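Novice: Here's my sequence, what's the structure:
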Amino acid sequence: MATRIDRRFADLAREGRAGLVTFLMAGDPDYDTSLAIVSALPKAGADVIEIGMPFTDPMADGPSIQAAGLRALKGGQTLAKTLQLVREFRKDDAATPVVLMGYYNPIYIYGVERFLTDARGAGVDGLIVVDLPPEEDDELCIPTLKAGLNFIRLATPTTDDKRLPAVLANTSGFVYYVSITGITGSATPNAARVSDAVARIKRHTKLPVAVGFGVKTAQNAREIAQGADAVVVGSALIDQLRASLDTEGRATADTVRSVTQLASELADGVRSVRRVAAE
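Specialist: Okay, the predicted model is just below:
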């Protein structure tokens, strides 16, 4: 059965454009502000929303996302509250796909079966769990697929043609191509190399390919949208959020508007690239 993610990417193909995937950390800087931002993102132009699950040891994340997770944890954010945030979001938005992104440890502690039941009930559509390789698919990936959710896998510049089939074997929804080696937010991707990499991945799969890591501006987004099915932006939005906080790290009257304004600019950059629409 098609998920919200499947339907959204089919819609994007028919519209002849790439999508914008936004990432923010659940509970950053506090629950209510986080919910307000997430709820405003679809109107600002986000086609898919990724929500980070705060974790104390985020090994793949750069300083911006690490700091966001620490702010959220300091504010009392938990995995249960993250699911509640999605549930609240779903009261007013039944269409925008929501993907939870993070690490396996909090899910393991919560209980895989309970987590998948609660996630589906809250309105989650897919998971990205960065520290579970394909060799561990029985832990979470296969149960996720059986629960009717997408399990989205990361491919990187070092994922060669020999490794790629294993990475793609149980991936669904879309493939997340990490455009640079290293941690999030650490460099700006090269558009030409990204296009080549996306083309290589597409020789192995029919799934859409979303490209992230290092996209900071509308111009970056426009360049990546020329060769990708979607552009993922996280650190830039989180940096914008952080810049809007007061000296105590609390939200201000400008926080929601500041983040959604940048999201709108990024969406304009992505949407300025037109391609042949699917029949």
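Novice: pLDDT averaged over the helix or strand hosting Arg8, what's the number?
Specialist: Assigned by DSSP states H and E, Arg8 falls within helix 4-15. Rounded to a whole number, the mean pLDDT of helix 4-15 is 97.
Novice: do the same with stretch 127-135
Specialist: The model assigns stretch 127-135 a mean pLDDT of 94.
Novice: now stretch 259-276
Specialist: Across stretch 259-276, the per-residue pLDDT values average to 94.
Novice: buried stuff in it?
Specialist: 259-260, 262-264, 266-267, 269-271, 273 (16 or more other C-beta atoms under 10 Å). Where you see a C-beta, it was placed from the backbone N, CA and C, and this is true even at glycine.
Novice: and if you look at stretch 48-62?
Specialist: 48-55, 58, 60-62.
Novice: Need the distance between the two termini of stretch 102-120.
Specialist: 17 Å (C-alpha to C-alpha, to the nearest Å).
Novice: Can you tell me what sits against that stretch?
Specialist: With C-beta atoms under 8 Å, 6 or more residues apart in numbering as the test, stretch 102-120 has contacts from 52-55, 57-59, 79-80, 83, 86, 100, 127-132, 139-140, 143-144, 147-149.
Novice: For it, what is the distance to the chain centroid?
Specialist: 17 Å (C-alpha atoms, centre = their mean, to the nearest Å).
Novice: Offset the numbering so it begins at 22, please.
Specialist: Renumbered: residue one is now 22, and that last one reads stretch 123-141.
Novice: quick one: the residue nearest to Phe30 when sequence neighbours are not counted from Val219, how far?
Specialist: Closest residue to Phe30 apart from its sequence neighbours, by C-beta to C-beta, 6 or more residues apart in numbering: Pro229 at 4.5 Å. From Pro229 over to Val219 the distance is 10 Å, taken as C-beta to C-beta, to the nearest Å.
Novice: got any residues that touch both of these two?
Specialist: Shared contacts of Pro229 and Val219, counting by C-beta under 8 Å, 6+ apart, come down to Asp250.
Novice: Give me the phi and psi for the closest residue to Gly96 other than its chain neighbours.
Specialist: Computed as C-beta to C-beta, 6+ apart, the closest residue to Gly96 that is not its neighbour in sequence is Asp51, at 4.8 Å. When read as degrees, to the nearest 10, the backbone of Asp51 gives phi -160, psi 170.
Novice: what about Asp53, neighbour count?
Specialist: Asp53 has 13 neighbours, counted by other C-beta atoms under 10 Å.
Novice: same deal with the one 10 residues further on?
Specialist: Applying other C-beta under 10 Å, we find 18 other residues in the vicinity of Pro63.
Novice: Sticking with it, tell me its helix or strand.
Specialist: Element membership for Pro63 (DSSP H and E) is helix 52-65.
Novice: and the next helix or strand after that helix with helix 25-36, angle?
Specialist: Going down the chain from helix 52-65, the next helix or strand is strand 69-73, by DSSP H and E. Compare the direction of strand 69-73 with that of helix 25-36 by axes from the mean of the first three to the mean of the last three C-alpha atoms, to 10 degrees and you get 140 degrees.
Novice: Tell me which other helices or strands the helix or strand just after strand 69-73 touches.
Specialist: Next in sequence after strand 69-73, counting helices and strands by DSSP H and E, comes helix 84-95. Here helix 84-95 touches strand 40-46, strand 69-73, helix 256-264, going by 3 or more C-beta pairs under 8 Å, 6 or more residues apart in numbering; DSSP states H and E.
Novice: Export those to JSON lines and append columns for distance to Lys112.
Specialist: Below are the helices and strands packed on helix 84-95 laid out as JSON lines (distance: least, C-beta to C-beta, whole Å):
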{"stretch": "strand 40-46", "distance to Lys112": "19"}
{"stretch": "strand 69-73", "distance to Lys112": "15"}
{"stretch": "helix 256-264", "distance to Lys112": "23"}
